[in-house]
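> following is a predicted model, sequence given first.
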Amino acid sequence: MNPRLSRRRFLKAVIASGVAAATTANLSLAHAGDRAKGAVERLISLNVNGRTRRVDVLPQETLAYTLRYKLGLTGTKDACNRAECGACTVLIDDVAHYSCSTLTHSVKNRAVLTVEGLQRADGQLHPVQQAFIDELAPQCGFCTPGQVMAAVALLRANPRPSREEARQAMAGNLCRCGAYDQYLNGIMRASERTA
Amino acid sequence: MNGYKHIGKDFIPPDVIGKVTGKAKFAEDFRADGMVYARVYTSSMAHGRVTGIDTSAIAEMDGIVGILTADDLPPVEPPNAPMLTNTPVYVGEPILAVAAVDEKTAEDAIARIKVQIEPLPFVVDPLDSLIEGGPDAREEGNVYLRSPEGSGFRNVKWTREQIDEFRAGKQPTGEAVNEWSYGDLDKGFADAAVIIEEPFVTTGYAHMSMEPRTCMAYWQNGTCYLYGSAQSQSFMIPGLASMLEVEQKNVVLVSENTGGGFGSKISAYPVMALPAWFAKKIGRPVQLRITREQEYYVGSARVGFQGWIKVGFAANGRVTATDLFIVEDLGPNATGGDGSSAGGAVSIVYDPEAMRYRGVPVLTNTTPRGAQRGPGQNQIAAVMPPIMDRAARELNLDRLEIRKANAAHSGTTIYEEQEPVTSAYMKEALDMGAEMFGWEAKRDRPRRKGNKVIGLGIGQGYHSAGADGFDGLVRITPDGVIHLHSGVGNLGTYSYASTTRSAAEVLKCGWNNCVIERGSTEANLPWSSYQAGSNTTFTHSRANFVAAMDAVRKIKEIAAATLGGSAVDYDIADERVFRIGNPAQGMTYAEVARRAVQLGGAYSGETWPDDIHEVTQRAVQNIAGTGLIGVAKDTLRMEGVVPGLAVAFAEIELDLETGKYDILDYVAIAECGTVVHPQGLAAQMKGGAVWGMGMASLERHVYDPQNGLPANIGYHQCGIPGYLDTPSELRVGAVDLPDPQSPFGARGIGEPAMGCSVAALTSAIADALDGHIFSRTPISADMIVNHVSGREQSFKPLQINNF
């Protein structure tokens, strides 16, 4: 198992970042941003999926909000907005993060990868995406982009995980349809293909 | 191998690619020019009356576009849920909405608005309302019965003694408002060698779909366009039209993907219609994206049971009689009906020779209830197995054998009317599961290892799984492409797609040349059933079958008209129609489609059958003249109840010191007729297993009796099972025997897949504890520790709202 990906460690990082877990976090944080207007540079450059994007970001705006509402990257899903479910998982410098609980300003100089950035220019899917199709892992599909990104992060850190290691690493991603078995099948299949 | 080209084969459903790439569009991913964002103000009180709304604080705010209150909307007859209310009946009920140029502004405005609410009496435990002098959840009454003979409010009260006795776990003696029976109950108990009597509680809990429901709506030329989150597609239209007070032809629903429903989005719901009314008022597109917290409030929950059951068994294990009484927690909107469904499930799964069901559907000021995966069937699925196990123990029978002695078969009759079933093979499912699981070997092994003990469980699940009378629509265009029009919603079961393969099978065409038309009313979709109740596979295998048969008939008639002879002289294969005995003489489907357009009439959809639904008629009108049209209503033989059945076997290792258990092995067998889509079936069986695991030991909601506040609204507080709560691998299989009333033999399975799971787990937990019956879900670790250590439980037998 990759210790960098443990749920406990992740949550500690979120708390340390000063982001409160509120039901309407992105809104209330954005509201708080009004008070600090002018205190932080708002027009910033973000490295998202290998491209530099200039975007106007409120001081306490969450990355999930920026991705979905400012950059139109709606593959990242906002299901709980309080670091409970992982539907908003993206990679920041190759490590899985909950984008609903990450401040956009904190990723200014880092590489953000969303589900839209996985497919190659020639259309070839990432091995995790292909394996999830082959295993018919998604059901309703709302959690799937987060599951894909968590799996990609796992395989970057640990290309040959055991099934139990994969299970532990994926524990921060909920699926209400209960497709855990199939997602794990997909990860093991992708691992075999990429090894 | 079944000899079919498509049925029973895996395929890639077209929408799955968008789900892994992020391109799949859910309701919240749609935008419209000029769109504004709405947020709702929700009630902080469990029951009250709005006496004042002060919006002065937002009068000068920039970016506010409009305010919508209940006064702007048509009244709704209680107990049905309104879009907005002036008399909230649960914490979280929407009172007003604000639209603004962005969500932040709308949320800021909501925070500044002041609403005065005069409190009214409220209740969060049905028994508190049933007691004489107890509070009523609604001013109209405390009980609401939905019945074909007449629905209505009742005021039902029991004496304090009756409530106290029931609370102590004794047989209820108070008034029931819903009752049915069959057989001679007294004789059944008189004939019994063993009688077991138990009170029980199955706690309600939230659906908690991953997607917080969103709807965006706008109007154009009197037509409302809605981008919503819906389990069903065409089936939503009549309800939406009614809510919007327009004709059905003036509703366009776009719902390409839906982030879970589990029964909470079967038909049109108020939050879906709200932005449409708002858009009408302000003349701009409105999107309402609710929060996770609000999804808990308005997203529906399972009906809770407080019940009592008495079961008699003959010496050979046969169930001679069952007497079942259920007090249902119906929430404030009387949405449910689970109690009677639970009785119906008992009547098939355990097939008692005589049975009585009595129920009281009580209103409470808790989150609204609704159908949730096996509504009623799966609550009782959890209750029955430990009772069967105790009977087996007292009669010295094997626990598998006592289930086989009562197993549903094709001659079993069910429900009050003792209707036949279309077919049933529960015994075969039990045998298959026992072999796959290794029942006998596991049963005979030593069970105790230090403070760990192995428990083995057997569970059975049921839900009716099919309907008739819906329409199918297929079209072959002059380019030879076969368009399979599916009005089934996309809930994630992929049955919208797998059922269209019935049509492909009939048309004997390749799958690569087929396109599924779906996801929007504007895709010209037929009238289709609700995507719920485990029914799509049976129902729409039939509807697609009849539409394709209509197309094949027309293909042969066109060939005969073009090439000579009569239609019976022709057959089809490889997307060609050809003369029998002279395959070289024929036409491709593309050529037939071109000819259909020339011929017109029914061939190209310029006329259509009289009996198809108006939704289908409009679809046919829109595509008339574009190719060969196959369209028909399903009028195939349909006699009896279509059963979806499943069994499961579970092996758990229970730690007597911590009360926790691990599931070491899980095997589930589907008995759903012919397997149509192996991967889709496995997904349902495994997903259902996870739901059963949640119900068995994790999920519940809790309401504070002091203030009526919900104590657990988040995913983790609600106990949604995660990767670490469930086994890494689940094993599933299928009996795969065809049902005679389905063209390809298929029935549905979604709900029994969960019922068998929770049943296997309550059975396994009881087995690990020498047959102890908790008679309650969820069975938590502290309950197990209390039992093992001989301590009293922290709750009384019928108590709810406890952790």
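Sure, I can see it. Only a predicted model underlies this, so the values are computations on that prediction, with no experimental measurement involved. Numbering: from 1, shown residues only, chains lettered A, B, ... in the order given.
> from here on, contacts and neighbour counts on C-alpha atoms
Noted.
> so how many other residues sit close to the residue of the stretch 351-500 of chain B found nearest chain A?
Going by Cα to the nearest Cα, chain A is nearest to residue B:492 of the stretch 351-500 of chain B, at 3.8 Å. By the criterion of other Cα atoms under 10 Å in any protein chain shown, residue B:492 has 24 neighbours.
> distance of it from residue B:714?
23 Å (Cα to Cα, to the nearest Å).
> ditto for residue B:590
Distance from residue B:590 to residue B:714, by Cα to Cα: 54 Å.
> wait, isn't residue A:117 in contact with residue A:47?
No: between residue A:117 and residue A:47 there is no contact under Cα atoms under 8 Å: 11.4 Å.
> for residue B:111, give me its contacts.
Not one residue lies near residue B:111 by Cα atoms under 8 Å, 6 or more residues apart in numbering or on different chains.
> quick one, phi psi at it?
Backbone torsions of residue B:111, given as degrees, to the nearest 10, read phi -70, psi -20.
> what does the pLDDT read for it?
pLDDT recorded at residue B:111 is 97.
> do the same with residue B:335
With respect to pLDDT, residue B:335 scores 87.
> could you give the number of residues near it?
25.
> which SS state does it fall under?
Following DSSP: H, G, I helix; E, B strand; the rest coil, we place residue B:335 in the coil state.
> wait, doesn't it sit right on residue B:368?
Yes: counting by Cα under 8 Å, residue B:335 does reach residue B:368; the two are 7.1 Å apart.
> how about the strands in the stretch 251-400 of chain B?
Assigned by DSSP state E, counting those that start in this stretch, the strands in the stretch 251-400 of chain B fall at B:251-254, B:286-289, B:304-313, B:319-329, B:354-362.
> tabulate these (JSON lines), appending distance to residue B:651 and mean pLDDT.
Shown next, in JSON lines, are those (distance: least, Cα to Cα, whole Å; pLDDT from 0 to 100):
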{"stretch": "strand B:251-254", "distance to residue B:651": "44", "mean pLDDT": "98"}
{"stretch": "strand B:286-289", "distance to residue B:651": "42", "mean pLDDT": "98"}
{"stretch": "strand B:304-313", "distance to residue B:651": "26", "mean pLDDT": "98"}
{"stretch": "strand B:319-329", "distance to residue B:651": "26", "mean pLDDT": "98"}
{"stretch": "strand B:354-362", "distance to residue B:651": "32", "mean pLDDT": "98"}
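> so which of these gets nearest residue B:573?
Among the strands of the stretch 251-400 of chain B, strand B:251-254 comes nearest to residue B:573, with 35.2 Å by Cα to Cα.
> buried residues in the closest one?
Neighbour-count burial for strand B:251-254 flags B:251, B:252, B:253, B:254 (criterion: 16 or more other Cα atoms under 10 Å in any protein chain shown).
> run through the bridge partners of the residue nearest to residue B:326 when sequence neighbours are not counted.
Using Cα to Cα, 6 or more residues apart in numbering or on different chains and skipping residues adjacent in sequence, the residue nearest residue B:326 is residue B:307, 4.2 Å away. Beta-bridge partners for residue B:307, by DSSP bridges, are residue B:200, residue B:326.
> so residue B:307 touches residue B:203, yeah?
No: if you go by Cα under 8 Å, residue B:307 and residue B:203 don't touch, sitting 11.1 Å apart.
> between those two, which is the more surrounded one?
More crowded of residue B:307 and residue B:203, by other Cα under 10 Å: residue B:307, with 29 against 24.
> noted, bye for now.
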